[in-house]
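**Q** the sequence isn't on hand, but the structure is:
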């Protein structure tokens, strides 16, 4: 399988990457572990900053300092202590409960600034947070830059191939995502027969996939067996250093449960924590998984 | 309240409308009754063709001939017998069960033609069916042309007004719908704080609204009380003679249950079966309802 190692860094300023240890602020899911392993394989020192209540305990096998979501003062301090000038933020932060959030003084002082970013969608919030760290001497880098192995390669992975009609649906899906991009919405859609069955907004990919399964069950849509393609791509304005779409064996399981035929994602900008596990799951489920290069550029958006 | 009676017919050919009786093919819901009443008030003769299993029994108070969905041969015959050159198709056809569909010979002969329309989304299917009837000497007219009273007027109906932030959300929502229009998807979206919470595809408006309610309950999104605007507009390529978005007291009830602040629809191209009932429901629920003129034209789509 080819590796999509040629993905270009998308940072706007051409900052010189430091050679010191990489800091990895870790949310939930399997991807922080994959990134940490990939960085370690390359021989670069690293310190993890797992977030209480989100990150996996297993990350403790790496040098680490636990931090609370919201405790920016402590985070800045431990990152300085560990000498991590470059840092990565990776993993999910779904549904934080109040007990998971600990605002420290630094955070409280920064709050008015962060709150002003809240209106205007994800993109503005994330770029605001990024800017805040950069002003304090840290450089946010993309997980895909320090660990390109975690990116979806171009082409079909696994043994199943999309049919011609699936390919048409994939094309339409990427066009639709492209058109929605300027509105800071739509990392995903599900298409069948050039017909859009579902569009992802705040509910997330898993919930959107489940919805198609429900619509089949309750007769809202009538589809043949193994029909429909999940199409995923980053939003055009999205800061790829902080928020890349991800797929894994669980995505395959969800797609199979909803009766879909396969999954198409943008190559080089979709995170795959464990490609071998993804391929095994797809082959077993009878689904195709394809990475499409430059999917966004082909769009009208 | 102003009436949006100046809505222009959108038929592509400038056919001369006949003066004979109007035929109304009636699906489910309250709108066929509203259209029939409105046509009768204008003194024009009419015959209804209610569809078994979908249409309301109460429609029998008008001259009528029941037909089965799928029995095109019989439909053409009874429409000719009733002298209905002009006809309207209105009402919902959600989830037809096999027992509701009766294919007669005429339908079976036309099937290959209809099937070819199925790929390519609603718009192509509907325009294909329309063409079929027009070739046989019938003229499909929009319910809004024979009964302009049923259209949403411009401006605020009811006593509640959108806040300034709601107005920004409404603008973004219409822009998003405009951008999605070329993809034959997206009659609706729900926006809060310039953030798109949900986009409607095959699941329908009610299901999309319920989804936002669920995301609030399970903590997937955190919104203040009474937040979020339901925005609805016809798809740009949509044939307005066969498929206009509709709102009513049930839409208000759904929006209230999901904690939304209000509803914005395109004026002059959204059907309101009973405006008085809509206003009563909105006033009681504390929601605003606004008709926005030329909402689509303001879009980037």
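**A** Great, that's in hand. Just so you know, these numbers come straight off a predicted model, no measurement behind them. Residues are numbered from 1 along each chain as shown, chains lettered A, B, ... in the order given.
**Q** which stretches in the stretch 101-250 of chain A count as strands?
**A** A:139-140, A:155-157, A:188-192, A:195-199, A:229-232, A:246-247 (DSSP state E, counting those that start in this stretch).
**Q** would you mind giving those as JSON lines with mean neighbour count, distance to chain B and mean pLDDT added?
**A** The way it works is simple: take the backbone N, C-alpha and C, and place the C-beta from them, glycine included. Below are the strands of the stretch 101-250 of chain A laid out as JSON lines (neighbours: other C-beta atoms under 10 Å in any protein chain shown; distance: least, C-beta to the nearest C-beta, whole Å; pLDDT from 0 to 100):
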{"stretch": "strand A:139-140", "mean neighbour count": "20", "distance to chain B": "22", "mean pLDDT": "88"}
{"stretch": "strand A:155-157", "mean neighbour count": "18", "distance to chain B": "24", "mean pLDDT": "95"}
{"stretch": "strand A:188-192", "mean neighbour count": "27", "distance to chain B": "8", "mean pLDDT": "96"}
{"stretch": "strand A:195-199", "mean neighbour count": "27", "distance to chain B": "4", "mean pLDDT": "95"}
{"stretch": "strand A:229-232", "mean neighbour count": "29", "distance to chain B": "12", "mean pLDDT": "97"}
{"stretch": "strand A:246-247", "mean neighbour count": "25", "distance to chain B": "17", "mean pLDDT": "86"}
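**Q** format those strands as JSON lines; extra columns: distance to residue B:51.
**A** Output for the strands of the stretch 101-250 of chain A, formatted as JSON lines (distance: least, C-beta to C-beta, whole Å):
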{"stretch": "strand A:139-140", "distance to residue B:51": "59"}
{"stretch": "strand A:155-157", "distance to residue B:51": "45"}
{"stretch": "strand A:188-192", "distance to residue B:51": "26"}
{"stretch": "strand A:195-199", "distance to residue B:51": "23"}
{"stretch": "strand A:229-232", "distance to residue B:51": "33"}
{"stretch": "strand A:246-247", "distance to residue B:51": "43"}
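**Q** give me the distance between the two termini of stretch A:186-194.
**A** Using C-alpha to C-alpha, to the nearest Å, one end of stretch A:186-194 lies 17 Å from the other.
**Q** quick check: buried residues in stretch A:169-184?
**A** The neighbour-count criterion (16 or more other C-beta atoms under 10 Å in any protein chain shown) identifies A:169-181, A:183-184 as the buried residues of stretch A:169-184.
**Q** can that stretch be found next to chain B?
**A** Yes - judged by C-beta under 8 Å from any C-beta of the partner chain, stretch A:169-184 and chain B are in contact via A:172, A:175-176, A:179-180, A:182-184.
**Q** out of those residues, list just those in helices.
**A** A:172, A:175-176, A:179-180 (DSSP state H).
**Q** any chance of these in TSV, plus pLDDT?
**A** Output for those, formatted as TSV (pLDDT from 0 to 100):
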residue	pLDDT
A:172	96
A:175	94
A:176	94
A:179	91
A:180	91
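**Q** max pairwise distance over the residues you listed: which two?
**A** A:172 and A:180 (12.6 Å; C-beta to C-beta).
**Q** can you list the residue ranges for helices in the stretch 201-301 of chain A?
**A** Here the stretch 201-301 of chain A has its helices, by DSSP state H, counting those that start in this stretch, at A:205-217, A:249-257, A:275-285.
**Q** and if you look at the stretch 1-150 of chain A?
**A** A:31-41, A:72-81, A:105-118, A:121-135, A:143-146.
**Q** for residue B:88, find the nearest of these.
**A** Judging the helices of the stretch 1-150 of chain A by C-beta to C-beta, what sits closest to residue B:88 is helix A:121-135, at 41.0 Å.
**Q** what about chain A, any weak spots by pLDDT?
**A** Residues of chain A meeting the criterion pLDDT under 70: A:1-19, A:94-102, A:111-112, A:114-126, A:236-243, A:296-301.
**Q** need the outlier residue of it, farthest from its centre.
**A** residue A:219 (32.0 Å; C-alpha atoms, centre = their mean).
**Q** gap between that one and chain B?
**A** According to C-beta to the nearest C-beta, to the nearest Å, residue A:219 stands 5 Å off from chain B.
**Q** repeat for residue A:293
**A** With C-beta to the nearest C-beta as the criterion, residue A:293 and chain B are 22 Å apart.
**Q** save the ones in helices among the residues of stretch A:169-184 next to chain B as TSV, and put in distance to residue A:81 too.
**A** Formatted as TSV, these follow (distance: C-beta to C-beta, whole Å):
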residue	distance to residue A:81
A:172	51
A:175	48
A:176	47
A:179	46
A:180	43
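**Q** tell me the contacts of residue A:78?
**A** A:49, A:65, A:67 (C-beta atoms under 8 Å, 6 or more residues apart in numbering or on different chains).
**Q** swap the cut-off to 6 Å and go again
**A** Counting by C-beta atoms under 6 Å, 6 or more residues apart in numbering or on different chains, residue A:78 makes contact with residue A:65.
**Q** report the separation between it and chain B.
**A** Between residue A:78 and chain B the computed distance is 28 Å (C-beta to the nearest C-beta).
**Q** against residue A:58, how distant is that residue?
**A** 20 Å (C-beta to C-beta, to the nearest Å).
**Q** what's the answer for residue A:44, then?
**A** For residue A:44, the distance to residue A:58 (C-beta to C-beta) stands at 20 Å.
**Q** so these two - more neighbours on which side?
**A** Using other C-beta atoms under 10 Å in any protein chain shown as the criterion, residue A:44 and residue A:58 rank with residue A:44 on top: 15 against 12.
**Q** who does the closest residue to the more buried one other than its chain neighbours bridge with?
**A** With sequence-adjacent residues excluded and distances taken as C-beta to C-beta, 6 or more residues apart in numbering or on different chains, residue A:44 is closest to residue A:22, at 5.9 Å. With DSSP bridges as the criterion, residue A:22 is bridged to residue A:46, residue A:86.
**Q** if I pick residue A:22, what's in contact with it?
**A** A:39, A:44, A:46, A:86, A:146.
**Q** swap in 7 Å and give it another go.
**A** A:39, A:44, A:46, A:84, A:86-88, A:146 (C-beta atoms under 7 Å, 6 or more residues apart in numbering or on different chains).
**Q** closest to residue A:129 out of those?
**A** Checking those one by one against residue A:129 (C-beta to C-beta), the nearest turns out to be residue A:87, at 11.8 Å.
**Q** quick one: that closest one and residue A:23 touch, right?
**A** Yes - with contact defined as C-beta atoms under 7 Å, residue A:87 counts as touching residue A:23 (3.7 Å).
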